[in-house]
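J.: My questions concern the predicted model and sequence given below.
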Amino acid sequence: MIKAIIFDLDGVVVDTAIFHYQAWKRLANEMGFDLTPEQNEQLKGISRLESLDILLDIGGITIDSYEEKQKLATKKNEWYRENILKMKPSDILPGVRHFIVDLKNTNYKIAIGSSSKNAGTILERIGLDSFFDAVVDGTKISKSKPDPEVFLKAAEELNIAPEYCLVFEDAAAGIEAAKKAGMLAIGVGDYTNLSNADKVIPDFSNINVMLIDNLTK
Ligand code: B16
Ligand code: MG
């Protein structure tokens, strides 16, 4: 029986995954190589510095200096933040707001489980900063997805055992993290990238509280 729903943020509640991609691609281009959408799948759900390591690997570039890596990651983050600072409540993905209001009204606990250190800014911009019973983001964890820490911490903050939690995720690393946490994992997006999920939905346009039982069967 599901008692709590944990939402990934980037790519599930809002379409910021595209802003991450644009910023990483710009950085790659500056360093003389390209980043395809397929390669970008490896970066989804992964922390900023770990994403940079994957990007450098894709470009065949070796950088040993931690300071140099920090500089590149900061540059990417500044480009990314230019876009998220323009976000507004209408940027919440279709069906999501309605679904979370329904969940609250039917006494489900709801949380955010994100690897991002920018989650607070995004939630504020889209007007959902005081909506969730728990927000666990990149500022509260020491290991990013696919480690289960983010989701286990969310369950702990909600005071609900992991087996009663259901996670919505758009990244393969996030599905892996949810499964490792012992939770049900619903992929949001393209099945090709999310085949390890318990179920995959294209988006939230047809999802409502009544369907949670169906999702978990
Ligand atoms: P930041 P999520 C993740 O957020 C993104 O999917 C991933 O692409 C990003 O690198 C990571 O957050 C860190 O984000 O640079 O903003 O701290 O999908 O777990 O909500
Ligand atoms: Mg995501």
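T.: Nice, I can see it. Ligands and ions are numbered 1, 2, ... in the order given.
J.: Thr139: what's it in contact with?
T.: Thr139 makes contacts with 117, 119-120, as judged by Cβ atoms under 8 Å, 6 or more residues apart in numbering. All C-beta spots, glycine's among them, are computed from the backbone N, C-alpha and C.
J.: Phi first, then psi, for it.
T.: phi -80, psi -10 (degrees, to the nearest 10).
J.: filter the contacts of Thr139 by proximity to ligand 1?
T.: Lys117 (Cβ under 6 Å from any ligand atom).
J.: Let me see the domain layout of the protein.
T.: With domains defined by automatic domain parsing, the chain comprises 4-14+89-215, 17-84.
J.: hmm, the first one in reach of ligand 2?
T.: Pointing back at domain 4-14+89-215 there. Yes - contact of domain 4-14+89-215 with ligand 2 (Cβ under 5 Å from the ion) involves 8, 10-11, 170-171.
J.: how about the nearest residue to Gly138, chain neighbours excluded?
T.: Spatially, and ignoring its direct neighbours in sequence, Gly138 is nearest to Lys117 (3.9 Å; Cβ to Cβ, 6 or more residues apart in numbering).
J.: Based on its surroundings, how many neighbours for the one you found?
T.: Number of residues near Lys117 (other Cβ atoms under 10 Å) recorded here: 15.
J.: Ser144 is in contact with that one, correct?
T.: No - contact criterion Cβ atoms under 8 Å: Lys117 and Ser144 do not qualify, at 10.2 Å.
J.: Please, which helix or strand holds the nearest residue to Asp129 once chain neighbours are set aside?
T.: Spatial nearest neighbour of Asp129, excluding adjacent residues (Cβ to Cβ, 6+ apart): Leu123 at 4.3 Å. Using DSSP states H and E, Leu123 maps to helix 119-125.
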